[in-house]
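[1] My questions concern the predicted model and sequence given below.
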Amino acid sequence: MYEGAIQDLIDELGRLPGVGPKSAQRIAFHVLSADPADVNRLSTALRKVKELVRFCTTCFNVAESEQCRVCRDTRRTSEVLCVVEEPKDVVAIERTNEFRGRYHVLGGAINPLEGIGPDNLRIRELLMRLGTGEVKELILATDPNTEGEATATYLALMVKPMGIAVTRLASGLPVGGDLEYADEITLGRAFEGRRAV
Ligand SMILES: [Zn+2]
């Protein structure tokens, strides 16, 4: 335990995901000895992300204006819509260069143990988008774990009666894993091999 500001910083860093007590301490002492200009850039970046970044009004991806970069891109097709859990999954799929459609970010997955049901996700907004009739195929790209599968199953049941083709990412993705940790090739193959559900 240290006194004052350095301990405050260690405590705050330790609350970040994936940062244990030892890493928190290492980062805090790195900041302490770093160039003031570098530390200023870091603190500005932290402040700006809260000030400037918001959610796209169409797909709920992160954006710095009304709509995100994907929604603003007129070269992309609106006939294929890919459903993901989080904005980081959009980035993961974009890295594969396999997909030229649009996205819908749910903001999580159905998880009864944590009290997250369909109403806590952006499913109502998804169904409204599908209601326009523009979408011909819905790709369910939720994580290949229990919650992601439950969410995909729920969405398939809701959407299939609307006459829209519903597909799920294919094998190759590690079960129990997180979409964001899949490498480009694995995720790309899974995309190509998606199947009807
Ligand atoms: Zn968007």
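    Sure thing, it's come through. Computed from a predicted structure; not experimentally measured.
[2] rest of the way, CA atoms for contacts and neighbours
    OK.
[3] got the buried residues for the lowest-mean-pLDDT helix or strand in the chain?
    The least trusted helix or strand in the chain, going by mean pLDDT, DSSP states H and E, turns out to be helix 184-192, with a mean of 75. Neighbour-count burial for helix 184-192 flags 184, 187, 188, 189, 190, 191 (criterion: 16 or more other C-alpha atoms under 10 Å).
[4] Doesn't residue 103 lie inside a strand?
    Yes: assessed by DSSP: H, G, I helix; E, B strand; the rest coil, residue 103 belongs to a strand.
[5] ok, for it, nearest residue in space, not its chain neighbours?
    residue 82 (4.6 Å; C-alpha to C-alpha, 6 or more residues apart in numbering).
[6] follow-up on the earlier one: does the least confident helix or strand of the chain pack against any helices or strands, and if so which?
    With contacts defined as 3 or more C-alpha pairs under 8 Å, 6 or more residues apart in numbering; DSSP states H and E, helix 184-192 has these neighbours: helix 87-96.
[7] helices or strands next to the helix it packs on in the packing?
    Looks like helix 87-96 contacts helix 184-192 (3+ C-alpha pairs under 8 Å, 6+ apart).
[8] Show me what secondary structure element comes after the helix it packs on.
    strand 195-196 (DSSP states H and E).
[9] How far off centre is that next one?
    Strand 195-196 sits 22 Å away from the centroid of its parent chain (C-alpha atoms, centre = their mean, to the nearest Å).
[10] Same check on stretch 21-33?
    Centroid separation for stretch 21-33 versus its chain: 28 Å, with C-alpha atoms, centre = their mean.
[11] List of residues touching it?
    6, 9, 10, 11, 13, 14, 39 (C-alpha atoms under 8 Å, 6 or more residues apart in numbering).
[12] What of stretch 68-80?
    55-56, 58-59, 61-63, 100-103, 134-139.
[13] Could you tell me which of the residues you listed count as buried?
    For the contacts of stretch 68-80, buried by 16+ other C-alpha under 10 Å: 55-56, 58-59, 61-63, 100-103, 135, 137-139.
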